[in-house]
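next input, structure requested:
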Amino acid sequence: MLDHIGLSVSDYDKSKAFFTAALAPLGIRLVTEVAGWAGFGRDNRPQFWFGTGGPAQHPMHIAFTADNRAQVRAFYEAALQAGAKDNGAPGIREIYHPHYFGAFVIGPDGHNVEAVCHKPE
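Residues are numbered from 1 along each chain as shown. Modelled structure (predicted):
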């Protein structure tokens with residue numbers, strides 16, 4: 001159901017040191033850093049993100065797994081019809097990997113909500 005989650009933090013370096021130490025016993029490690037965000041996970045797949053690089057008005061980011069790109073598109077349209085604000089139309093996000101197909105909306109409480117499919121079309 002959940003693909004990944006992201007939180008805004010006030011001090012990137014302090015948070016990076018904390019989570020590196022605290023999550024190590026669970027087998028979770030720093031996998032990548034992208035545009036001011038740290039991605040932690042197991043098996044080279046970042047599922048927990050934090051950073052200071054995102055807009056402060058979006059305190060949390062949560063991404064749901066989609067089985068295919070059609071589901072990503074359907075999520076986006078349904079969310080907009082339910083009152084969400086656009087934060088990124090369905091499309092490839094190569095910054096993450098060549099098949100990353102996601103759509104982003106801002107929900108009623110200001111959180112950045114995403115649906116993502118990692119499979120090639």
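
pLDDT below threshold where in the protein?
The chain contains residues with pLDDT under 70 at 53-58.

one more pass at 80, please.
Within the chain, the ranges that satisfy pLDDT under 80 run 53-59, 109.

those helices in it, which residues are they?
Under the criterion DSSP state H, the chain contains helices at 12-23, 69-81.

who wins for proximity to R29 among the ones you listed?
For R29, the closest of the helices of the chain is helix 12-23, at 7.1 Å, according to C-beta to C-beta. Bear in mind the C-beta positions are built from the backbone N, C-alpha and C, glycine included.

and the closest one, what does it pack onto?
Under the contact definition 3 or more C-beta pairs under 8 Å, 6 or more residues apart in numbering; DSSP states H and E, helix 12-23 sits against strand 29-34, strand 37-42, strand 45-51.

list the neighbouring strands of the second one plus their orientation.
Spelled out, it's strand 37-42. Partners of strand 37-42 in the sheet, by DSSP bridges, are strand 29-34 (antiparallel), strand 45-51 (antiparallel).

which residue of the chain sits farthest from its center?
The centre of the chain is farthest from one residue, P25, which by C-alpha atoms, centre = their mean lies 23.4 Å away.

quick one: contacts of stretch 9-22?
Residues from elsewhere that reach stretch 9-22, judged by C-beta atoms under 8 Å, 6 or more residues apart in numbering: 29-30, 36, 38, 40, 48, 50-52.

which of the residues you listed count as buried?
The neighbour-count test (16 or more other C-beta atoms under 10 Å) applied to these identifies 38, 40, 48, 50-51 as buried.

from the residues you listed, which is closest to I62?
Nearest to I62, judged by C-beta to C-beta, of those is F48 at 11.2 Å.

mind putting the strands paired with strand 37-42 into TSV with distance to T65?
Converted to TSV, the strands paired with strand 37-42 look like this (distance: least, C-beta to C-beta, whole Å):
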stretch	distance to T65
strand 29-34	18
strand 45-51	10
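
how about the helices of the chain, which one is nearest R93?
Counting by C-beta to C-beta, R93 lies closest to helix 69-81 out of the helices of the chain; the figure is 11.0 Å.

so what touches that closest one?
Residues external to helix 69-81 that are found in contact with it (C-beta under 8 Å, 6+ apart): 64, 66, 86, 89-90, 101-103, 105, 107, 113, 115-117, 119, 121.
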